[in-house]
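> only geometry, no sequence info:
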């Protein structure tokens, strides 16, 4: 039953949105102009009546839309009873006319049908007073009493009048029901003491979930799209090619986003489609368990909000059908690019973890590589297709550059993955693997920076020597800040960190073979045996590459948290039996010795199983 309530909660509200959408499309101004052209007096009589009916229809549909489910069900039951009564009167009316003009009407079916209608109305209204809904049977009773045919017309009119009077009395008796509902809702708000902002926000979220707004508008849009598609198919007679079919679908979609209600529906539909695509990507890469780990940034909300903002910013609703189709195709292209970027964010850690953790499942590697190939080829295909439809300008270059950036990111990820796999099949580890990965990532970032710089340069040149606009200038400024300046700043900081870390590592003494034998321990960072090591001034041994990675994050020793500083120029210590002892009274030296002996070999090996996976992931991202 809860599932049935959810379906009814959506299905019974959809007609209100459909009527609101139709009311928005109504050309009331055109109707008043036609009345004015026919007769000025007619315009004076009916203008305000038409506008009042227009506003009242909006109000009624909005009230029905926000009613609780039980009241909507009651409303639909009353509407259904009214339709059944109308059907009963139509049957009686047809019977009377047939009796008056001829004697060929089938009398045997009419009483049975009228009795069924009356019983059904009483059942829907949950009452046993069937006679309340039997006024449409008066002509039949009069016919059974041998009333003349001329009198049957009067009896039929009388029965219709009685039904209308009963409906009017019912409406008058329930005239203040909307007022009572509004008063009850207001009392509930006062009981909740909705004063603070977070309470209002909680109330809004509760109403959002209660009315199932995303699902409601999505169902509304799908109904609208199905009707539009059927009408377009019936109107179309010529067979179309693949390109024609794509344009045909885009035209149907653009026709279904001509009002604010249909645009909201398309927004939620795109959000659901993006969520489904991202969940499909997660399921393909990691199985059902990966779908359960929901990420707030990968729920399709970004794609839906992007479409809505771009549509409002570009004035999509005010355009003609053909212009709206082309603009919508560009907006959907941007949304699809955003979805691909989210798919890269999902795929990137998974494929790098497969390489770093040395997973030997061929099926997992195949799924990761196939997804990377898709994300590498599909953006290039999209950029090629859209460049064929539109003339190259600044806006199109931004779209094409976003596809290029997506492909560059995937290329860098795949290169790092292949480096991990090469190390897997080697008998001994690659000492300079960290350097190679760094330069692969650096080259990838440099190429991304150059692509963004080319876009800014082209946009600046077009603004100076072509058509200048405030919108284009603002986009250039935003693009320059986020995609050029921030990228350059991040790359420069990374370079400085790496140079500083290399400077510190080079200033530290290297451990001799005798010192390594006497130390007889693993590296405290990677927990691997040490064939070579550097010695910090606090007396701890580490792999040089491991310590360099650590120094990217913080400038302290991993064991005792003393600051690791480079030696002054010309004073590089030579490796001896151990690091030079600090001056007397230095508490840092005592703490370092205590920290070194506390981290025994047994504790380190017990710690390996907890930290190995985390270290592999950190290595993959470095």
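Received it, and whenever you're ready, just let me know what you need. In this text, all values refer to a predicted model and were calculated from it rather than measured experimentally.
> quick one, helices of the stretch 1-150 of the chain?
For the stretch 1-150 of the chain, helices defined by DSSP state H, counting those that start in this stretch occupy the ranges 2-11, 14-25, 28-38, 40-65, 69-101, 109-124, 138-144, 149-173.
> Check which residues of the lengthiest helix in the chain are buried.
Scanning the chain for the helix with the most residues, using DSSP state H, yields helix 321-356. Across helix 321-356, burial judged by 16 or more other C-beta atoms under 10 Å covers 324-325, 327-344, 346-348, 350-356. For every residue, glycine as well, the C-beta is placed using N, CA and C.
> what's downstream of it, the next helix or strand?
On the C-terminal side of helix 321-356, the closest following helix or strand by DSSP states H and E is helix 362-389.
> Show me where the stretch 351-500 of the chain dips below the pLDDT cut-off.
Applying pLDDT under 70 to the stretch 351-500 of the chain picks out residues 358, 392-395, 427-432, 459, 462-488, 490-491, 494-495, 497-498.
> hang on, I meant the stretch 51-200 of the chain
Within the stretch 51-200 of the chain, the stretches with pLDDT under 70 are 99-110, 185-186, 188-200.
> circling back to that earlier point, I'd like the helices of the stretch 1-150 of the chain as a markdown table, with mean neighbour count appended.
As requested, the helices of the stretch 1-150 of the chain are exported to a markdown table (neighbours: other C-beta atoms under 10 Å):
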| stretch | mean neighbour count |
| --- | --- |
| helix 2-11 | 12 |
| helix 14-25 | 17 |
| helix 28-38 | 13 |
| helix 40-65 | 13 |
| helix 69-101 | 16 |
| helix 109-124 | 16 |
| helix 138-144 | 19 |
| helix 149-173 | 14 |
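> how about these, which one is nearest residue 262?
Nearest to residue 262 among the helices of the stretch 1-150 of the chain is helix 14-25; the distance by C-beta to C-beta comes to 6.1 Å.
> Tell me the gap between that closest one and the middle of its chain.
From the chain centre to the centre of helix 14-25 is a distance of 25 Å (C-alpha atoms, centre = their mean, to the nearest Å).
> Let me see the contact set for residue 564.
Residues counted as contacts of residue 564 (C-beta atoms under 8 Å, 6 or more residues apart in numbering) are 504, 508, 536-537, 547, 551, 555-557.
> repeat that with 6 Å
Taking C-beta atoms under 6 Å, 6 or more residues apart in numbering, we find residue 564 in contact with 504, 536, 555, 557.
> Pull up the gap between the first one and residue 533, please.
Spatial separation of residue 504 from residue 533 under the definition C-beta to C-beta, to the nearest Å is 15 Å.
> and what of the third one?
Distance check for residue 555 against residue 533: by C-beta to C-beta, it reads 19 Å.
> Show me which of the two is the more surrounded one.
Each of residue 555 and residue 533 has its neighbours counted (other C-beta atoms under 10 Å); residue 533 has more, 22 against 15.
> quick one: pLDDT of the more buried one?
On the pLDDT scale, residue 533 is placed at 85.
> please renumber so the chain begins at 20
Yes, from this point I'll number from 20; that puts the last item at residue 552.
> Can you tell me the centre-most residue of the protein?
Centroid-nearest residue in the chain: residue 319, 1.9 Å away (criterion: C-alpha atoms, centre = their mean).
> And that residue, what's its pLDDT?
81.
> relative to helix 340-375, how tilted is the host helix or strand of residue 437?
According to DSSP H and E, residue 437 maps onto helix 413-443. Helix 413-443 and helix 340-375 are oriented at 20 degrees to each other (axes from the mean of the first three to the mean of the last three C-alpha atoms, to 10 degrees).
> So what does residue 560 look like in phi/psi?
Backbone torsions for residue 560, taken as degrees, to the nearest 10, come to phi -100, psi 130.
> Residue 456 versus the nearest residue to it once chain neighbours are set aside, what's the distance?
Sequence neighbours aside, residue 552 is the residue nearest to residue 560 in space, at 4.5 Å (criterion: C-beta to C-beta, 6 or more residues apart in numbering). Distance of residue 552 to residue 456, given as C-beta to C-beta: 21 Å.
> and if you look at residue 399?
25 Å.
> what does residue 341 give?
Separation of residue 341 from residue 456 (C-beta to C-beta): 50 Å.
> ok, residue 399 and residue 456, which is more surrounded?
Neighbour count, other C-beta under 10 Å: between residue 399 and residue 456, residue 456 has more, with 21 against 14.
> Who's the closest spatial neighbour of that one, skipping the chain neighbours?
Leaving aside its chain neighbours, residue 456 sits nearest to residue 435 (5.5 Å; criterion: C-beta to C-beta, 6+ apart).
> elements contacting the helix holding residue 437?
helix 340-375, helix 381-408, helix 452-484 (3 or more C-beta pairs under 6 Å, 6 or more residues apart in numbering; DSSP states H and E).
> angle of the longest one against helix 452-484?
Put plainly, it is helix 340-375. Relative orientation of helix 340-375 and helix 452-484, computed by the same axes, to 10 degrees: 160 degrees.
> tilt between helix 340-375 and helix 381-408?
Going by the same axes, to 10 degrees, helix 340-375 makes 150 degrees with helix 381-408.
> Who are the packing partners of helix 340-375?
Packing partners of helix 340-375 (3+ C-beta pairs under 6 Å, 6+ apart): helix 261-274, helix 279-305, helix 320-332, helix 381-408, helix 413-443, helix 620-640.
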